[in-house]
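Student: quick one: sequence plus predicted model below, questions after.
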Amino acid sequence: MAEERKLRILIAKPGLDGHDRGARVIARAFRDAGFEVVYTGCHQTPEQIVSTAIQEDVDLIGLSILSGAHRYSFPRIMELLKENNAEDITVIGGGIFPLEDIPKLKAIGIKEIFEPGAKLDDIVQWVRTNVKPRKAMVA
Amino acid sequence: MSIVNQILAGDVRAVARLLRDIDDQMPSAREILKELYPHTGKAYILGFTGSPGVGKSTLVDQIAMEYRKRGLTVGILAIDPTSPFTGGAILGDRIRMQRHFLDSGVFIRSLATRGHFGGLTKSTNDMITVLDAMGKDIIIVETVGVGQDEVDIANCAHTTVLVTIPGMGDEVQAIKAGIMEIGNIFVVNKADREGSRKTVRELRNLIELGLRRLGDQHWEPPIIETEALKGRGIPELLDAVEKHRQYLMENDRSQWEAVTQKRAKTQLLETLREEALAELLRRMANRGVSLDDLVRKVTARETDPYTVVQDLLQCELK
Ligand code: B12
Ligand SMILES: Nc1nc2c(ncn2[C@@H]2O[C@H](COP(=O)(O)OP(=O)(O)OP(=O)(O)O)[C@@H](O)[C@H]2O)c(=O)[nH]1
Ligand SMILES: [Mg+2]
């Protein structure tokens, strides 16, 4: 009997700063929404993030950045996903971004950006609407 | 390439996806497992259990490093609890294992208990089959760490390491009845803290009192002090695991046979229980028997669960 598939999400924080409060708040909100959240904390390199996302078979990568590190790390993560044939994984970001950066991030495939003050309910609802657990492999 | 061949070739993406399908109990995963099973039985399975926060993940990280130094590949299954209220989970064991993320010789998977009791998940044994088939030499399972009833690991791992910390003397007393008996090796982690020696003595006393595994009377469980954060005691721990493995192989591998048979039996019975129940429910549905109706009748005391099951079995299994 097949159970309903659970959404699996990776929450990671690229960059060298320690602003992990947002990432923790989001991880908890996703758990409370019934999702399985792999949390790897601060100081993650793009390589570590993509490797973890693949090993954990997540449907969504949520990146938290308040330090400006998105300018390097977001494009690199998208590149690595492509190299590993894992572009089907949805990527979103949250934190602090200069206004002019947001269209650029969306252009490279980041699906959505959530800024300070974003409501947790809205974020959860966005995920429910836009991310579905992937289908089973066919033997 | 077929999925089976991808797994056997160690394709990480295919392995990761299959593990998900297994966790979600997809019927297609069963078919792949059937084909993988003949390729398994090569890996050595190591279990880490103990109360929350004693340092299991940090130890697993260190011991994985030590195995890598010795040229072996490692698969890790790290289990954290599912929230009983929301069905969601935060899986944080990986935080302690970051330096392995880019090593292709290490595969790490975080698992949520999803309402399963006993310290493992429903899917753990099948996931071990996959990691074994992909060629990992050592498979390490970190149990959920909720405390006393985590005895499933003893029927799953070849060697079980029970982790405690200094100052857990009273706790050791309290848990001795259940969980103490499952340890083949005892670790007193956080040995940098006060009272480490004392905890070792208390454990030694309990072991001398005969609190050890049934059928394991000739194995004297070693007690190893470690400081996982700094890597102290890790080579000693690995040597103890190796000694236990050698012990299992002694005397014509009689202990080894017993351990691997116990593993197979557990897996067989688990599968039987699950499949038999599913099949029975399917047949009932086909005949138009409503489970809800039966529940109502039992609730109203019109009948009882024993008679209902007896009748069902007689009807469906003839
Ligand atoms: C609290 C705080 C700290 C705390 C951090 C505690 C912690 N463990 O997180 C402390 C005091 C340690 C700290 C230190 C520093 N901080 Co500070 N800090 C803040 C502050 C005031 C609030 C951040 C916060 O926690 N907000 C609460 C959380 C819940 O909100 P959030 O992270 O924004 O998350 C929300 C959304 O952004 C979104 N979101 C966030 N992540 C994600 C991820 C996903 C997947 C999704 C879907 C959504 C999402 O959803 C959340 C809910 O709405 C901000 C200013 C601000 N108003 O944002 C500065 C700020 C981030 N800090 C800043 C700086 C410069 C520093 C320091 C370098 C020095 C300093 N000036 O204090 C040090 C760095 C220390 C270090 N090594 O990291 C700057 C960064 C500037 C920049 N972008 O370049 C800021 C913006 C202040 C400023 N205006 O100058 N800081
Ligand atoms: N002082 C000290 N702290 C340690 C040692 N080993 C681990 N810790 C710390 O203990 C805390 C818990 O470590 P984990 O490895 O996450 O423990 P765990 O048993 O896996 O925890 P759960 O999975 O939550 O049950 C962390 O803050 C570690 O840094 C040690 O040898 N000495
Ligand atoms: Mg842990």
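Tutor: Happy to help now that I have it. Ligands and ions are numbered 1, 2, ... in the order given.
Student: pLDDT below threshold where in chain A?
Tutor: Residues of chain A that meet the criterion pLDDT under 70 lie in A:1-3, A:139.
Student: following element in sequence after the longest helix anywhere in chain A, please.
Tutor: Taking DSSP state H as the criterion, chain A has its longest helix at helix A:70-83. Tracing the chain past helix A:70-83, the next element assigned as helix or strand by DSSP states H and E is strand A:90-95.
Student: hmm, back to that, who does the longest helix of chain A touch, helix- and strand-wise?
Tutor: Judged by 3 or more CB pairs under 8 Å, 6 or more residues apart in numbering or on different chains; DSSP states H and E, the packing partners of helix A:70-83 are strand A:8-14, helix A:46-55, strand A:60-65, strand A:90-95, helix A:101-107. Placement of C-beta: from N, CA and C, glycine included.
Student: and residue B:53, which of these is closest to it?
Tutor: Closest to residue B:53 of the helices and strands packed on helix A:70-83 is strand A:8-14 (CB to CB; 21.0 Å).
Student: tilt between that closest one and helix A:46-55?
Tutor: Taking axes from the mean of the first three to the mean of the last three CA atoms, to 10 degrees, strand A:8-14 and helix A:46-55 form an angle of 170 degrees between their directions.
Student: hang on, isn't residue B:167 packed against residue B:194?
Tutor: Yes. In this structure residue B:167 lies within contact range of residue B:194 using CB atoms under 8 Å: 7.5 Å.
Student: leaving out the residues flanking it, which one is nearest to residue B:10?
Tutor: residue B:134 (4.8 Å; CB to CB, 6 or more residues apart in numbering or on different chains).
Student: just want the phi and psi numbers for the one you found.
Tutor: phi -80, psi -10 (degrees, to the nearest 10).
Student: tell me which residues touch it, please.
Tutor: For residue B:134, the contacting residues are B:7-8, B:10-11, B:15, B:75, B:107, by CB atoms under 8 Å, 6 or more residues apart in numbering or on different chains.
Student: weed out the non-buried ones from these.
Tutor: Buried by 16 or more other CB atoms under 10 Å in any protein chain shown: B:7-8, B:11, B:15, B:75, B:107, out of those.
Student: columns pLDDT, secondary structure and distance to residue B:244 on top of these, output as a markdown table?
Tutor: Shown next, in a markdown table, are the buried ones among the contacts of residue B:134 (pLDDT from 0 to 100; DSSP: H, G, I helix; E, B strand; the rest coil; distance: CB to CB, whole Å):
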| residue | pLDDT | secondary structure | distance to residue B:244 |
| --- | --- | --- | --- |
| B:7 | 97 | helix | 29 |
| B:8 | 97 | helix | 29 |
| B:11 | 96 | coil | 32 |
| B:15 | 97 | helix | 28 |
| B:75 | 98 | strand | 19 |
| B:107 | 98 | strand | 24 |
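Student: tell me where chain B has strands.
Tutor: With strands called from DSSP state E, chain B shows them at B:44-49, B:74-80, B:89-91, B:106-112, B:138-142, B:159-164, B:185-188, B:223-225.
Student: tell me the pLDDT of the residue nearest to residue B:10.
Tutor: With respect to pLDDT, residue B:134 scores 98.
Student: that one and residue B:158, how far apart?
Tutor: 18 Å (CB to CB, to the nearest Å).
Student: now the longest helix of chain A against strand A:60-65, angle please.
Tutor: Per the same axes, to 10 degrees, the angle that helix A:70-83 makes with strand A:60-65 is 160 degrees.
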